[in-house]
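**Q** my questions are about this predicted structure, shown below with the sequence.
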Amino acid sequence: EPYPIFQHEGIEFIYMLTGSVVYRHADKTYTLKPGDSLMFDSAAPHGPEELTKLPMTYLSIIVYTRE
């Protein structure tokens with residue numbers, strides 16, 4: 001099934017725990033497996049594009065700027 005693409009403020013850090021995913025950020029894709037991480041600007045379109053090995057879980061931490 002297709003997954004929604006997200007856009008929001010902040011910086012996001014993803015750390016893969018289990019499985020495998022093709023993750024999209026802007027116009028690039030990254031294959032992530034357990035132990036891999038990705039840090040990016042959340043203002044660009046991003047999200048899981050393809051779950052390649054289930055079960056798939058990752059830790060997502062989003063840091064917002066203080067005003």
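**A** Arrived safely.

**Q** of all the residues in the longest strand belonging to the chain, which ones are buried?
**A** Here the longest strand in the chain is taken by residue count, with DSSP state E as the criterion, and it is strand 46-63. By neighbour count, with 16 or more other CB atoms under 10 Å as the criterion, the buried positions of strand 46-63 are 46, 48-49, 56, 58. Where C-beta positions appear, they are placed from N, C-alpha and C, glycine not excepted.

**Q** what does it contact?
**A** The list of residues contacting strand 46-63 from outside it, by CB atoms under 8 Å, 6 or more residues apart in numbering, reads 3-8, 10-26, 29, 31-33, 40, 42.

**Q** and which of the buried residues of strand 46-63 is nearest residue 66?
**A** Residue 66 has its nearest neighbour among those in residue 46, at 22.5 Å by CB to CB.

**Q** and the gap between that closest one and residue 62?
**A** Remark: distance between residue 46 and residue 62 (CB to CB, to the nearest Å) = 11 Å.

**Q** cool, and residue 4?
**A** When CB to CB is the yardstick, residue 4 and residue 62 sit 16 Å from each other.

**Q** ok, for residue 26, nearest residue in space, not its chain neighbours?
**A** Closest residue to residue 26 in three dimensions, ignoring its sequence neighbours and counting by CB to CB, 6 or more residues apart in numbering: residue 44, at 4.1 Å.

**Q** returning to what we had before: could you turn the buried ones of the contacts of strand 46-63 into a ChimeraX selection?
**A** Selecting the buried subset of these in ChimeraX, with 16+ other CB under 10 Å as the burial test, is done by:
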select :12,14,15,16,19,20,21,23,24,25,32,40,42
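
**Q** how about low-confidence regions in this structure?
**A** The chain contains residues with pLDDT under 70 at 1-2.

**Q** can you pull out the strands in this structure?
**A** 11-25, 28-32, 37-41, 46-63.
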